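>>> with the sequence up front, the predicted model follows.
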Amino acid sequence: MMNAATAPAAAAAPGRPGRPDLNRRLGPVFILILLGLLGAGVVFAGYSLVSDMNEAGSGATTWLPFLLLGVALAIALGFEFVNGFHDTANAVATVIYTHALPPHFAVVWSGLFNFLGVLVSSGTVAFAIISLLPVELILQVGSSAGFAMVFALLIAAIVWNLGTWSLGLPASSSHTLIGSIIGVGIANALMHGRDGTSGVDWGQVTRVGESLLISPVVGFVFAALLLLVLRKLVRKPALYQEPAPNQPPPWWIRGILVLTCTGVSFAHGSNDGQKGMGLIMLILVGTVPTAYALNRAMKTEQTTQFVAMAQVTQAALVRSTPEAAPADPRAELSEYVRTRNLTPQVVPALAALAGSIADRVKDHGSMRQVPAAAVSNVRNDMYLASEAIRFLDKSAAVRFDADTRADLKAFKKQIDAATKFIPLWVKVAVAIALGLGTMVGWKRIVVTVGEKIGKAHLTYAQGASAELVAMITIGAADMFGLPVSTTHVLSSGVAGTMAANRSGLQVATIRNLLVAWVLTLPAAILLSGSLYWLFTKLF
């Protein structure tokens, strides 16, 4: 595997026909500018974190919670940093190997638009990833088991990403992270004497897995088709020939290539950046719940609407079932969310919990005024109610009338607004980590995509086709809240254009990419499960 996939910088040394010079260094002035931006981002994030904690009145009698917070944030941002140079190198490979942009300018440009993509992201993908985690660990994220979960899945993902990067293999960070989450879920179930399959939301895993499986096929097929259409419609021989050594393409081709590189970088930031955000929010909820468990930015009038919607939903649920509420609604819903075993007590339990949430929030007047001692319980009850509604909405065994179903959806939307939010400083911190990662360690993956997939040099039309399809695919996935792999989509797109152009594929590299794709899931599961077991023994 090493010989076929490893691509040292020497393989792209200047002097080889058509190969870009990847060995130029950034100037000291530019490095100082980057360090200044990094420092400004760190100061802003740190100031915002301290301000939020002071405003919420968060305090601790020991330094341990803050130490855990610092370590967990460092590991989470480390994952995004590795994600940056591991995944985003795919976005710049085409513009570099078509000489549309100089290598270092390309990675800085890509890093900038990764940064912007993270800042404007919706957060939907972030919480789609979180919903894969075992419910009992999410509800106890501030416990030792919760920290063991976060540390295990992040460290496992980082280790596998670094391992595949060292071999020059463009493996998927999304694939790796999801495997790590599954590993923690399985290990947690086995450690509690349950069937390993019961620790994972397989319905959500299937939905996410389908997007990861289908997206590379989409990249391969549509990039190939787009190239064939271009050959029919645009009769410009220069588009389909190897670029002249060290010569930029014509301005209009260059514009298309830069535009598609920009789009892929932006889409990558808006999709992949969210995965780190979701985990950071879990960390914050676990360590400083007073500041981050509930959305303190919700206005008083929004809180009033929330209470009213909770009461309406409670009344609708009570009307829909003759059963009385169980003695412990939380335990009933926790079991349902974990097992999806619908008993007659689930709907009345949800009604009781909706009423309880409404009463407590109404008593305090707003989310901001919920006392520190009650924040975690209120947040956990909201999470349970939201997840129960999500599963009930999918269940064919329960029949609600149209009004009740509409009330449930509206109530869930209100709950999610109160619990599933991402502060600006978290976006800035992730954006900096992802953007800086883009500018470091990118050569190995760039050389693999640019030289090791096809037998011929990448042409202008091939680069534009692969990038355009990747940009649209990732952007569409982001709209639907689906995590996809920039690596898989773009490298598959390059392979598709090589096949369509009859340039030939390097079988050894394709085989190694497939082996990495197949091994990523079981390796991440094994790594994270083992680390979770180890950390629960140590913490």
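Yes, it's here.
>>> just checking, next helix/strand downstream of the worst-scoring helix or strand of the chain on mean pLDDT?
Within the chain, no helix or strand scores below helix 2-5, which has a mean of 38 by mean pLDDT, DSSP states H and E. Sequence-wise, the next helix or strand downstream of helix 2-5 (DSSP states H and E) is helix 28-56.
>>> so where is the stretch 151-300 of the chain shaky, pLDDT-wise?
By pLDDT under 70, the low-scoring segments of the stretch 151-300 of the chain are 168-170, 195-201, 203-204, 208.
>>> what ranges do the helices span in it?
173-191, 202-233, 251-287, 289-292, 300-320 (DSSP state H, counting those that start in this stretch).
>>> residue 46 - how many residues pack around it?
12 (other CB atoms under 10 Å). Every C-beta, even on glycine, is put in place using the N, C-alpha and C of the backbone.
>>> and what of the one 10 residues further on?
One way to gauge burial is a neighbour count; for residue 56, by other CB under 10 Å, it gives 19.
>>> again, but for residue 323
15.
>>> do the same with residue 499
17.
>>> enumerate every residue touching it.
By CB atoms under 8 Å, 6 or more residues apart in numbering, residue 499 lies in contact with 220, 224, 505.
>>> let's see it at 10 Å
For residue 499, the contacting residues are 220, 221, 223, 224, 227, 454, 505, by CB atoms under 10 Å, 6 or more residues apart in numbering.
>>> tell me which of these is nearest to residue 33?
Relative to residue 33, the closest of the contacts of residue 499 is residue 223; by CB to CB it sits at 35.4 Å.
>>> the closest one against residue 500, yeah?
Yes: here residue 223 reaches residue 500: they are 7.7 Å apart, a contact under CB atoms under 10 Å.
>>> identify the contacts common to the two.
Going by CB under 10 Å, 6+ apart, residues that sit against residue 223 and also against residue 500 are 462, 465.
>>> between those two, who's got more neighbours?
residue 223 (30 against 22).
>>> which residues touch residue 164?
Taking CB under 10 Å, 6+ apart, one finds 5, 86, 170-173, 176, 444-445, 487, 512-513, 516, 519-520, 523 in contact with residue 164.
>>> rerun that using 7 Å as the cut-off
171, 516 (CB atoms under 7 Å, 6 or more residues apart in numbering).
>>> now it: how far from residue 70?
28 Å (CB to CB, to the nearest Å).
>>> how many neighbouring residues does residue 306 have?
Neighbours of residue 306 using other CB under 10 Å come to 23.
>>> residue 318 versus the residue nearest to it when sequence neighbours are not counted, what's the distance?
Nearest in space to residue 306, with sequence neighbours left out and distances taken as CB to CB, 6 or more residues apart in numbering, is residue 414 at 4.8 Å. The gap separating residue 414 from residue 318 is 19 Å, by CB to CB.
>>> these two: which is more packed in?
residue 414 (22 against 18).
>>> angle of the helix or strand hosting that one against helix 300-320?
Secondary structure assigned from DSSP H and E places residue 414 in helix 402-419. The directions of helix 402-419 and helix 300-320 differ by 140 degrees, with axes from the mean of the first three to the mean of the last three CA atoms, to 10 degrees as the criterion.
>>> who wins for neighbours among the contacts of residue 499?
residue 223 (30 neighbours).
>>> is it correct that it is in contact with residue 495?
No: the pair residue 223 / residue 495 is not scored as a contact, 8.3 Å apart, by CB atoms under 7 Å.
>>> of the helices of the stretch 151-300 of the chain, flag the one that's most buried.
helix 173-191 (a mean of 26; mean count of other CB atoms under 10 Å).
>>> quick one: it to chain centroid distance?
When C-alpha coordinates are averaged (CA atoms, centre = their mean, to the nearest Å), helix 173-191 and its chain have centres 15 Å apart.
>>> and if you look at stretch 514-534?
18 Å.
>>> re the thing from before, next, the angle helix 251-287 makes with the helix holding residue 414.
90 degrees.
>>> elements contacting the following helix or strand past helix 402-419?
Proceeding N to C from helix 402-419, the next assigned helix or strand is helix 424-438, under DSSP H and E. For helix 424-438, the packing partners by 3 or more CB pairs under 7 Å, 6 or more residues apart in numbering; DSSP states H and E come out as helix 28-56, helix 64-87, helix 103-119, helix 251-287.
>>> now do the closest residue in space to residue 226 that isn't next to it in sequence, the pLDDT please.
The spatial neighbour of residue 226 that comes closest, neighbours along the chain excluded (CB to CB, 6+ apart), is residue 465 at 4.3 Å. If you check residue 465, the pLDDT there is 87.
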